[in-house]
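Enquirer: model the following, please.
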Amino acid sequence: MRSEVIACKNHPNTGAKRKCFHCLSPICPECQRRALGHIFCSIRCQVLCWLTEKGTDAGRIVLRVTLRYRRLERSTRKITGGGLFRLLTIALLLFLLFQTSILINTLRGISISYQGTGSLHSLLTADITHEGEWITVAGSAPDFAVAVLLADGKKKDLRTVSEGRYSFTFKADSSVRSFQIQVYGDRLPTMYTRALPVPDSLATVGNSSPKSKAQRPKRKSRAAAPPTPLPDKVVMTPPQKPVKVARKKSPLIFRPEDDLSRGHPETGMVAITFDGGSYSNAAGRILDVLADRSLKATFFLTGEFIKRHPEVSIRIANEGHEVGNHMYSHMHLTTFGKNYRQETLPGVTKELVQKDLFRNEELFESITGKKMVKLWRAPYGEQNEEIRQWALNAGYRHVSWTYDPKTRKSLDGLDWVSDRDSALYLSSDQIVQKIISFDKETEMGLAGGIILLHLGSERDSDPFHPRLGELIDRLQKKGYKIGSVSQILETGS
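Expert: Presented below is the predicted three-dimensional model:
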C-alpha cells in the first residue's frame with residue numbers, strides 16, 4: 001500500500017517534504033525559506049515566529065522580575081517590620097551616606113605641606129634599640145604617610161605616621177638578619193626606604209634562659225657576619241618600571257585538552273576547514289580547486305548535509321580529505337543567539353550531545369564506508385567548557401577557528417552571510433583581504449591558523465568559492481603550506 005503524497009500548499013502538483021515551522025503547512029523544497037534555525041513557508045511566518053519568540057522572552061523576563069520583586073518585598077517586611085520602623089531605617093541609611101560623603105570630601109581636601117627648607121630625605125629617620133627581649137624601632141616621617149617594618153624583606157608590621165612620628169615594639173628574634181623601614185603615601189612622590197642594622201646584642205637572645213649547658217643542643221660554630229652599617233642618608237627607591245622580558249612565541253596557542261583554535265606556528269602550515277550544514281552549491285568547485293593543487297582539507301559535515309548530498313560526501317571521503325563531526329541535527333547548544341552568552345540551553349544534556357555525535361558518525365560511515373576523525377565543530381560556534389567536556393568524554397576534541405583577542409580579528413571568512421545590509425557581510429574580495437592581512441595585523445600571524453569557510457551559501461551574487469584558488473595561491477606565494485587540521489598538529493608534535 002503506497003503512502004499518500006502530501007502536496008505543497010503553494011504548488012499543488014509538487015510533493016511536500018517538510019512543514020513550515022510556524023503554520024505547519026506542507027511545503028516543497030522550492031518554497032522552503034531558512035531563517036532563525038528553522039524552515040518557513042513565507043516571510044510572514046518567519047516574522048510571526050520571531051515576534052512570538054520575542055514576546056515569550058519578554059513575558060518570561062517580566063515574570064522573573066515580578067517574582068524577584070515580591071521576594072525582595074517579603075524579605076524587606078521581615079527585616080524592617082512596620083512602616084514607622086522602615087522610615088527610621090531609611091533615615092539612618094541616608095544619614096550614614098551623608099556622613100560618608102562628608103568624610104570622603106574631607107580626605108580629598110587634605111594636602112601635605114612641609115615647613116622649613118628641609119627635603120623629604122631629611123624628614124625620614126629611624127633608630128633601633130634592644131632592651132632585654134624587646135626591640136624598639138622609632139623615628140620620624142612626613143604626616144599622612146604609612147610606615148612599614150620589614151624583617152628580612154617580609155612585612156612584619158605597619159603604623160600610621162602621627163604628628164611626624166612612628167614607633168614599633170616587638171619581641172626579639174635571633175633568626176632575623178636585617179630590618180628595613182619603608183614610608184609611603186598617596187601624596188608622596190616616591191617610596192622611601194631606610195635600612196637598619198641588627199643590634200649585636202640580638203645574637204645573645206635566647207641564651208639567657210636558666211637551662212643548663214647540657215640541656216642545650218650543640219650548634220656548629222660559624223663566623224659571625226659583620227653588622228650592617230647604618231647609612232648616612234635615606235635611600236630613595238623610585239618606582240621601577242616593569243622590565244619586559246622577550247619571550248619566544250609558544251608553539252601551542254590553543255587548549256589541547258578540549259578546544260583547538262590554532263596549530264603549531266613553526267610548521268608554517270595553514271589549515272582550511274569547510275562546514276557543510278545543508279547547502280552544497282559550492283562543494284564541487286571547492287573540491288576541484290583542492291584536487292587541482294593536490295591539497296587536503298578538513299570538512300565538518302552535519303547529518304542533514306550527508307543525507308541531502310550523499311554523492312558529495314562520498315567524493316570528499318574518496319579524495320582523502322579529513323571529515324569531522326558537525327553534529328547530526330545542527331542544533332543550538334547555548335544561549336548565544338539570544339543574549340550573546342555561551343550558557344548551556346535548557347534541555348541540552350551530555351546524553352543528547354553524545355547521542356547526536358554518534359548518530360552522525362554512524363550515518364557517515366554507512367554512506368561512505370569511511371570513518372570520521374575524532375574532531376568536531378559546534379553548530380553556530382555555540383559551545384562552552386561543559387559541552388566540550390561532554391564531547392571529549394565521547395572521544396571528540398573541539399575545533400574552533402583562529403581568533404586574536406587583542407585585535408578581535410579572526411580567520412572566519414563569513415562567506416555564509418548573504419544579506420548585503422548586514423554588518424557581517426563581506427564581499428569575496430574583502431574575504432580574501434581579511435585572511436591575507438591577518439598575517440600583518442596580528443602578532444600571532446597566519447602560521448598554524450585555522451580558516452573557516454563553508455560548502456555553500458544563500459548568496460545570489462559574488463560568492464566566495466570562485467576566489468578560493470586565488471586565496472590558496474596567495475598563501476602559498478607567501479610561503480605557507482596548506483593542510484588539514486590533523487596535519488598542522490602532527491607536523492609540529
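
Enquirer: so who does Asn393 touch?
Expert: Asn393 sits next to 350, 354 when contact means CB atoms under 8 Å, 6 or more residues apart in numbering. Every residue, glycine included, has its C-beta placed from N, CA and C.

Enquirer: quick one, phi psi at it?
Expert: Backbone torsions for Asn393, taken as degrees, to the nearest 10, come to phi -60, psi -30.

Enquirer: the longest helix anywhere in the chain packs against which elements?
Expert: In the chain, assigned by DSSP state H, the helix with the most residues is helix 43-80. When contacts are defined as 3 or more CB pairs under 8 Å, 6 or more residues apart in numbering; DSSP states H and E, helix 43-80 packs onto strand 33-35, strand 38-40, helix 83-108.

Enquirer: identify whichever of these lies nearest to Leu357.
Expert: The minimum distance between Leu357 and the helices and strands packed on helix 43-80 falls on strand 38-40, with 22.1 Å, by CB to CB.

Enquirer: got any ranges where the stretch 151-300 of the chain has weak pLDDT?
Expert: Scanning the stretch 151-300 of the chain for pLDDT under 70 picks out 163, 184-194, 199-257.

Enquirer: cutoff 50 now
Expert: Within the stretch 151-300 of the chain, the segments meeting pLDDT under 50 span 186-187, 189-190, 205-256.

Enquirer: residue ranges of the strands in it, please?
Expert: Along the stretch 151-300 of the chain, the segments classed as strands by DSSP state E, counting those that start in this stretch run 154-160, 165-171, 179-184, 191-196, 235-237, 259-260, 269-276, 298-301.

Enquirer: what's the answer for the stretch 351-493 of the chain, then?
Expert: Under DSSP E, counting those that start in this stretch, the stretch 351-493 of the chain gives strands at 375-376, 397-399, 403-404, 409-410, 450-454, 481-483.

Enquirer: only the buried residues of the second one, if you could.
Expert: When burial is assessed from 16 or more other CB atoms under 10 Å, strand 397-399 yields the following buried residues: 397-399.

Enquirer: got those residues as a markdown table, with distance to Val485 columns?
Expert: Below are the buried residues of strand 397-399 laid out as a markdown table (distance: CB to CB, whole Å):
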| residue | distance to Val485 |
| --- | --- |
| Arg397 | 10 |
| His398 | 11 |
| Val399 | 6 |
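
Enquirer: contacts only, for Leu363.
Expert: Contacts of Leu363 (CB under 8 Å, 6+ apart): 303, 306-307, 328.

Enquirer: for it, give me the pLDDT.
Expert: Listed pLDDT for Leu363 reads 96.

Enquirer: next one: it relative to Ile306, how far apart?
Expert: Counting by CB to CB, to the nearest Å, the gap from Leu363 to Ile306 is 5 Å.

Enquirer: just to revisit the earlier point, need the buried residues of strand 397-399 in TSV with distance to Arg60 and pLDDT, can you?
Expert: What follows is the buried residues of strand 397-399, written out as TSV (distance: CB to CB, whole Å; pLDDT from 0 to 100):
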residue	distance to Arg60	pLDDT
Arg397	35	94
His398	30	95
Val399	34	95
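
Enquirer: of the residues you listed, which is the nearest to Val417?
Expert: Val399 (21.1 Å).

Enquirer: among the helices and strands packed on helix 43-80, which comes closest to Asp439?
Expert: strand 33-35 (34.6 Å).

Enquirer: now that closest one: buried residues?
Expert: Under 16+ other CB under 10 Å, the buried positions of strand 33-35 are Arg33.

Enquirer: sheet-wise, list the partners of it with their directions.
Expert: strand 38-40 (antiparallel) (DSSP bridges).

Enquirer: list the contacts of the strand it pairs with.
Expert: 18-22, 27, 32-34, 46, 49.

Enquirer: going through those, which ones are buried?
Expert: Buried among the contacts of strand 38-40 by 16+ other CB under 10 Å: 19-22, 27, 32-33, 46, 49.

Enquirer: could you count how many residues lie near the nearest residue in space to His465 that is not next to it in sequence?
Expert: Nearest non-adjacent residue to His465, counting by CB to CB, 6 or more residues apart in numbering: Ala282, 3.7 Å away. Neighbourhood size, Ala282 [other CB atoms under 10 Å]: 22.

Enquirer: got the contact list for Ala282?
Expert: Listed by CB under 8 Å, 6+ apart, the contact partners of Ala282 are 454-457, 463-465.

Enquirer: Leu424 and Leu414 touch, don't they?
Expert: Yes. In this structure, Leu424 is within contact of Leu414 by CB atoms under 8 Å, at 5.4 Å.

Enquirer: which residues does Val399 bridge with?
Expert: Beta bridges link Val399 to Leu260, judged by DSSP bridges.

Enquirer: I'd assumed Leu452 was in contact with it.
Expert: No. Val399 sits out of contact with Leu452 when judged by CB under 8 Å, with a separation of 9.5 Å.

Enquirer: can you list residues touching both of the two?
Expert: Thr273.

Enquirer: what's the least confident stretch among the helices and strands packed on helix 43-80?
Expert: helix 83-108 (a mean of 80).

Enquirer: which strands and helices sit next to that one?
Expert: Checking 3+ CB pairs under 8 Å, 6+ apart, helix 83-108 ends up next to helix 43-80.

Enquirer: for the stretch 351-493 of the chain, which segments count as helices?
Expert: Here the stretch 351-493 of the chain has its helices, by DSSP state H, counting those that start in this stretch, at 385-393, 428-441, 468-477, 485-490.

Enquirer: adding distance to Asn10, write the helices and strands packed on helix 43-80 out as TSV.
Expert: Below are those laid out as TSV (distance: least, CB to CB, whole Å):
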stretch	distance to Asn10
strand 33-35	11
strand 38-40	12
helix 83-108	64
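
Enquirer: for these, which one sits closest to Val353?
Expert: The nearest among the helices and strands packed on helix 43-80, by CB to CB, is strand 38-40 at 20.5 Å.

Enquirer: and that closest one, how far from the chain's centre?
Expert: Relative to the centre of its chain, strand 38-40 is centred 33 Å away, using CA atoms, centre = their mean, to the nearest Å.

Enquirer: how much space between the residue most central in space within the chain and Val399?
Expert: The centre of the chain sits closest to Pro405, judged by CA atoms, centre = their mean, with a distance of 8.6 Å. Using CB to CB, Pro405 is found at 18 Å from Val399.

Enquirer: and if you look at Gly381?
Expert: Gly381 is 11 Å from Val399, by CB to CB.

Enquirer: and if you look at Arg86?
Expert: For Arg86, the distance to Val399 - CB to CB - is 58 Å.

Enquirer: what's the answer for Leu63, then?
Expert: Leu63 sits at a distance of 39 Å from Val399 (criterion: CB to CB).

Enquirer: next: Tyr380.
Expert: 14 Å.

Enquirer: still on that earlier bit, now list the buried members of the contacts of Leu363.
Expert: Listed as buried from those are 303, 306, 328; burial here means 16+ other CB under 10 Å.

Enquirer: quick one, what contacts the closest residue to the first one other than its chain neighbours?
Expert: Using CB to CB, 6+ apart and skipping residues adjacent in sequence, the residue nearest Gly303 is Tyr328, 3.4 Å away. Neighbour list for Tyr328: 302-304, 356-357, 359-360, 363 [criterion: CB under 8 Å, 6+ apart].
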